[in-house]
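A.B. asks: build me a structure from this.
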Amino acid sequence: MSMIKFDKDGNKVKQNIENTNHYFSTPDHIADIMAAEFLKIYDGVSKVLDIGFGKGELTKALMRAGIPKENIIGIDLDDTGEASNMGVEFYCADFFSLDLGLFKYFITNPPYKNMLHR
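C.D. replies: This is a model prediction of the structure:
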């Protein structure tokens with residue numbers, strides 16, 4: 001299966017997205033845009049839950065934007081080991097297993113899977 005994606009300059013890029021574990025990487029330029037938008041609403045002190053942590057693309061973007069790793073918690077059904085490499089708190093679990101009321105902020109990647117069926 002393949003889909004059309006766009007690079008940071010707006011050029012079409014065809015990519016193979018066969019994936020058995022439903023992992024879809026968020027490109028750095030998209031993650032950086034999301035982090036910049038997130039900063040507009042972030043209070044600077046609360047914990048942020050990165051849902052569907054994957055390989056930590058969104059967490060890395062948040063850290064590049066200046067959010068300390070101590071303020072970011074990742075959660076995913078699969079543990080890639082990347083959170084440990086980054087020094088970020090991580091839970092290998094379904095995010096519904098956490099008390100979501102403990103979090104004021106959430107970030108997650110765009111719904112790539114639904115886009116495949118259009």
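
A.B. asks: quick check: closest non-adjacent residue to residue 74.
C.D. replies: Excluding its sequence neighbours, the residue lying closest to residue 74 (Cβ to Cβ, 6 or more residues apart in numbering) is residue 53, at 3.4 Å. Backbone N, C-alpha and C define where each C-beta goes, glycine included.

A.B. asks: center of the protein, which residue is that?
C.D. replies: The residue lying closest to the centre of the chain (Cα atoms, centre = their mean) is residue 58, at 3.8 Å.

A.B. asks: residues contacting residue 67?
C.D. replies: 35, 39, 42, 48 (Cβ atoms under 8 Å, 6 or more residues apart in numbering).

A.B. asks: wait, residue 77
C.D. replies: 92, 93, 94.

A.B. asks: what about these, which are in strands?
C.D. replies: Among the contacts of residue 77, the ones falling in strands (DSSP state E) are residue 92.

A.B. asks: now residue 106, what's its secondary structure?
C.D. replies: Classification of residue 106 using DSSP: H, G, I helix; E, B strand; the rest coil returns strand.

A.B. asks: identify the bridge partners of it.
C.D. replies: residue 49 (DSSP bridges).
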